[in-house]
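Participant: Here's my sequence, what's the structure:
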Amino acid sequence: MQRPSNTCLFSLLPGAIASLLLGGCATDLAPVRTFAEQTQKMSVHFEPMLAGGVHSCMDKAMRKRLILAERFDAQASEQAARADCAAIAQASASVASLNDVLLRYAHTLAALAGDKLPVYKEELGELGDALSGLAQPDGGAPLLDAGKLDKVMKLSEHLSRLATQRLQKSALRELLDEQEAIDIVSNALKEYGQRSYRAGLQDELRDLDLLRGAVDKSAPREPLAANYIRTRLHLEGRQLKEREKIVAAYVAAVDALQASVAALRSNLDHLQAPELERQLAQFSRHVDTLQKQAVFYGPARW
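Facilitator: Numbering: from 1, shown residues only. Coordinates of the predicted model:
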């Protein structure tokens with residue numbers, strides 16, 4: 001049997017070595033991909049909270065008009081409710097931009113730990129305008145002060161720059177060094193969930209008690225309608241309590257995300273470290289809990 005020539009063997013070596021190096025790199029970076037995947041899931045399950053905040057405001061306004069008004073005009077009531085909730089809708093759109101920064105961070109990490117980098121074309125000026133005008137849910141000071149906004153904008157610029165390069169480990173280190181900016185972004189999202197979305201749910205729960213009293217007064221005249229509304233209020237109340245648990249699950253996931261960024265940053269050269277594995281496993285469990293609880297974003301069912 002003819003043996004391959006030395007020239008042939010030498011020509012094959014670079015490709016073989018490259019394959020081994022790339023294969024080893026893909027395996028070594030598996031914890032980074034795990035973190036990125038869980039962060040993407042967490043961000044996706046935050047998105048319904050934004051729409052849910054607007055829906056919660058609308059439902060509250062419509063429900064009050066429906067039960068308490070002597071003459072109910074559905075179309076006029078909906079228009080009035082939409083006007084009442086316009087500020088919440090505008091704030092939710094701005095917070096969505098902030099959540100998108102976190103989602104892009106996860107996508108870029110996943111791509112750096114894989115084979116491809118995403119390509120983003122973003123109007124950074126529009127992002128800055130949206131976030132700079134974002135106020136606290138109670139209408140007070142801006143959610144992001146000038147210093148925090150500057151760090152978020154630098155992170156966004158960083159993502160856009162890295163998205164055109166293939167820097168692998170050094171790029172991962174640069175992104176993980178953005179830990180403070182990620183803490184700022186995720187803390188702002190967490191605060192929105194607690195102070196806006198959950199606060200709206202708690203307002204609705206208090207209103208349900210008032211509405212039950214109104215239904216009880218009308219029950220002698222319309223027992224069937226009263227029983228129907230009582231049932232709906234019971235189901236909606238139960239759903240609202242489950243939605244409060246979504247916020248708790250999201251807060252726990254954010255805390256685990258921040259701890260995971262710190263752990264990855266400390267162990268980037270030792271990605272098989274047991275403490276990193278435990279931290280990522282904990283993060284995955286919290287995201288799984290959030291994912292299961294997120295089914296209650298939907299309407300109450302009979």
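
Participant: Next, count neighbours for the residue lying closest to L68 once chain neighbours are set aside.
Facilitator: Spatial nearest neighbour of L68, excluding adjacent residues (C-beta to C-beta, 6 or more residues apart in numbering): A214 at 6.0 Å. In this view, the C-beta of every residue, glycine as well, is placed from N, C-alpha and C. A214 has 14 neighbouring residues, counting by other C-beta atoms under 10 Å.

Participant: The helix or strand containing A214: which residues count as buried?
Facilitator: Assigned by DSSP states H and E, A214 falls within helix 198-218. Buried residues in helix 198-218, counted by 16 or more other C-beta atoms under 10 Å: R198, A199, G200, L201, E204, D207, L208, L211, R212, V215.

Participant: Output those residues as TSV; include the columns pLDDT.
Facilitator: Converted to TSV, these look like this (pLDDT from 0 to 100):
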residue	pLDDT
R198	92
A199	89
G200	88
L201	91
E204	87
D207	85
L208	86
L211	83
R212	87
V215	87
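
Participant: need the residues you listed in JSON lines with distance to L159, can you?
Facilitator: Formatted as JSON lines, the buried residues of helix 198-218 follow (distance: C-beta to C-beta, whole Å):
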{"residue": "R198", "distance to L159": "29"}
{"residue": "A199", "distance to L159": "31"}
{"residue": "G200", "distance to L159": "31"}
{"residue": "L201", "distance to L159": "33"}
{"residue": "E204", "distance to L159": "37"}
{"residue": "D207", "distance to L159": "42"}
{"residue": "L208", "distance to L159": "43"}
{"residue": "L211", "distance to L159": "46"}
{"residue": "R212", "distance to L159": "49"}
{"residue": "V215", "distance to L159": "52"}
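
Participant: between the residues you listed, which is closest to H55?
Facilitator: Nearest to H55 among the buried residues of helix 198-218, counting by C-beta to C-beta, is G200 at 9.3 Å.

Participant: Roughly how far does that closest one sit from T289?
Facilitator: 22 Å (C-beta to C-beta, to the nearest Å).

Participant: so where's the stretch 201-302 of the chain shaky on pLDDT?
Facilitator: The stretch 201-302 of the chain contains residues with pLDDT under 70 at 299-302.

Participant: again, 90 this time
Facilitator: 203-204, 206-219, 221-222, 225-226, 229, 232-233, 236, 297-302 (pLDDT under 90).

Participant: those helices in it, which residues are they?
Facilitator: 223-266, 274-293 (DSSP state H, counting those that start in this stretch).

Participant: mind checking which of those helices is nearest S97?
Facilitator: The nearest among these, by C-beta to C-beta, is helix 223-266 at 17.5 Å.

Participant: same for that closest one, what does it pack against?
Facilitator: helix 30-68, helix 168-176, helix 179-192, helix 198-218, helix 274-293 (3 or more C-beta pairs under 8 Å, 6 or more residues apart in numbering; DSSP states H and E).

Participant: In a markdown table, list the ones you listed along with distance to E236.
Facilitator: Formatted as a markdown table, those follow (distance: least, C-beta to C-beta, whole Å):
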| stretch | distance to E236 |
| --- | --- |
| helix 30-68 | 8 |
| helix 168-176 | 43 |
| helix 179-192 | 23 |
| helix 198-218 | 7 |
| helix 274-293 | 17 |
